[in-house]
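In: sequence plus the predicted model coming up.
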Amino acid sequence: MTDETENTRPSAPPSGPGRARPVAGGLALLLSLVTLIGLGYVWYILSYETHIVGVDVAKRLKAQGAALTQLDTRIAALGQAQAANSRAVRDLAQREASLASTHHPGRHWQIHAAADLLLIANDQLRFEHDVPLSLLALHQAQRALRRQDDPRLIPVREAILREILRLKALRRQHTSTMALELVALAHSARTLPLAVPRFMRAPRKAAAPTKPLPFWRRAAFGIWRDFRRLIRIRKEPVHERALLSPKRAYFVRENLALRLYGAQLALLEHRPALVGANLAAADRWIHRYFDVKARASQAVLVKLAALEHQTSTLTWPDISQSLHLLRRLSRAAS
């Protein structure tokens, strides 16, 4: 009886390991939830930064487009002004020719007309740096004085001839080397490497610990590292370079090439101020969107600086000697 009673007694409940399983499952679930929340937050931050970068790039490209449109408008206005000056000189020459054909050849009015043409040539070269219009005015003054057949005007005609030769030499000097260098720079601008944004660069690898750390220290270190990557506080004097898509990168390179071609066009039209403005804009564009540490970019920047220095230090010839001689003869005759 005693043995049967002892056999029918219920067995004792299992010890500690069975109770620890629900606790471990709860911790695993809690860590999974924390990981999912962290991943969601990281995804939200990255998508927000991508949207901000896209909006910033669109605004900058729109501003650059507006600046280019304004520059084209100014170039068109300068072209119209030059055309108006050219028409004024041609009208003056036509009036002088009509007066010469309808009236008897007189010395005084033709000398005054030649003096006015020489004054126009000096003003266009000194203030507008317009070599073609100055050459046209000098040629018209030379024709007006040639009709006089006055030996006293020979020194004035010789001075005008020397000034014409100086302007022609200056014109050849402008268009011979600098225009070709600008074309070469425009071709090389399409192969310059773009600057990589700082947040896209490869992060530095942390030094591997010498001894294995406990689990809780490795988990705390990983959470702190991810938190530091999410929040950054820094002072940046220059705007952060945006990540450009291939299509936008194409337009960045084409805008740089257009700046250089605009400098070449202004050089061929003998407008050094416009040449310097285009070269300075190309320099700023390279520093903003291209990798200035690359060898190709450094070579282009050095060449741009040399061309800008040549344009700024350009010495224009003095063509006022003929005007002074003609005025002196006019005062002596009167």
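Out: Nice, thanks for sending it over. Note that the structure is a prediction, hence the values are computed from the model and not measured.
In: from Ile164, how far off is the residue nearest to Leu325 when sequence neighbours are not counted?
Out: Computed as Cβ to Cβ, 6 or more residues apart in numbering, the closest residue to Leu325 that is not its neighbour in sequence is Val156, at 4.7 Å. For the C-beta atoms, the positions are set from N, CA and C on the backbone; glycine is no exception. With distances taken as Cβ to Cβ, to the nearest Å, Val156 is found 13 Å from Ile164.
In: pull the residues that contact the host helix or strand of Ala220.
Out: Following DSSP states H and E, one finds Ala220 within helix 215-230. Applying Cβ atoms under 8 Å, 6 or more residues apart in numbering, the contact partners of helix 215-230 are Gly38, Tyr41, Val42, Ile45, Ala206, Leu213.
In: by neighbour count, which of the residues you listed wins?
Out: Counting neighbours by other Cβ atoms under 10 Å, Gly38 comes out on top of these with 15 neighbours.
In: before we move on, back to that, farthest-separated two in the contacts of helix 215-230?
Out: Ile45 and Leu213 (27.3 Å; Cβ to Cβ).
In: re earlier: continuing past the helix holding Ala220, what's the next helix or strand?
Out: helix 246-268.
In: got a pLDDT number for Ile286?
Out: Note on Ile286: pLDDT of 90.
In: can you check Lys205 too?
Out: Listed pLDDT for Lys205 reads 52.
In: quick check: Gln94 is in a strand.
Out: No: using DSSP: H, G, I helix; E, B strand; the rest coil, the assignment for Gln94 is helix, not a strand.
In: dump the residue contacts of it.
Out: Applying Cβ under 8 Å, 6+ apart, no residues contact Gln94.
In: quick one: it from Ala88, how far?
Out: Relative to Ala88, and taking Cβ to Cβ, Gln94 is found at 11 Å.
In: gap between the residue nearest the centre of the chain and Thr191?
Out: Nearest to the geometric centre of the chain sits Ala282, at 2.8 Å (Cα atoms, centre = their mean). According to Cβ to Cβ, Ala282 stands 15 Å off from Thr191.
In: same check, this time on Ala144
Out: Ala144 is 54 Å from Thr191, by Cβ to Cβ.
In: more crowded one of those two?
Out: Counted by other Cβ under 10 Å, Ala144 and Thr191 do not tie: Ala144 has more neighbours, with 24 against 8.
In: list the contacts of that one.
Out: Counting by Cβ under 8 Å, 6+ apart, Ala144 has contacts Glu96, Gln110, Ile111, Ala113, Ala114, Leu117.
In: give me that answer again for 6 Å
Out: Gln110, Ala113, Ala114 (Cβ atoms under 6 Å, 6 or more residues apart in numbering).
In: which non-adjacent residue is nearest it?
Out: With Cβ to Cβ, 6+ apart, the residue lying closest to Ala144 is Ala114, at 4.3 Å.
In: that neighbour - how many residues pack around it?
Out: Ala114: 30 surrounding residues under other Cβ under 10 Å.
In: go on, His287?
Out: His287: 13 neighbours (other Cβ under 10 Å).
In: one more: the one 10 residues further on?
Out: Burial measure for Ser297: 20 neighbouring residues, criterion other Cβ under 10 Å.
In: and it, how far from Tyr289?
Out: 10 Å.
In: and Leu192, by the same measure?
Out: 9 Å.
In: for Glu308, same thing?
Out: 19 Å.
In: what about these two, which has more around it?
Out: Set Glu308 next to Tyr289 and count neighbours by other Cβ under 10 Å: Tyr289 wins out with 22 against 19.
In: so of the contacts of Ala144, which ones are in helices?
Out: Gln110, Ala113, Ala114 (DSSP state H).
In: related to what we said a few turns ago, am I right that the residue nearest to Leu325 sits in a strand?
Out: No: using three-state DSSP, the assignment for Val156 is helix, not a strand.
In: that one is in contact with Leu326, isn't it?
Out: Yes: proximity of Val156 to Leu326 meets the contact threshold set by Cβ atoms under 6 Å, at 4.9 Å.
In: when the two are compared, which one has more neighbours?
Out: Val156 (27 against 24).
In: and the pLDDT at that one?
Out: pLDDT for Val156: 90.
In: one more: Leu192?
Out: Reading off the model, Leu192 has pLDDT 86.
In: tell me who's in contact with it.
Out: Neighbours of Leu192 in contact, by Cβ under 6 Å, 6+ apart: Phe290, Ala296, Ser297.
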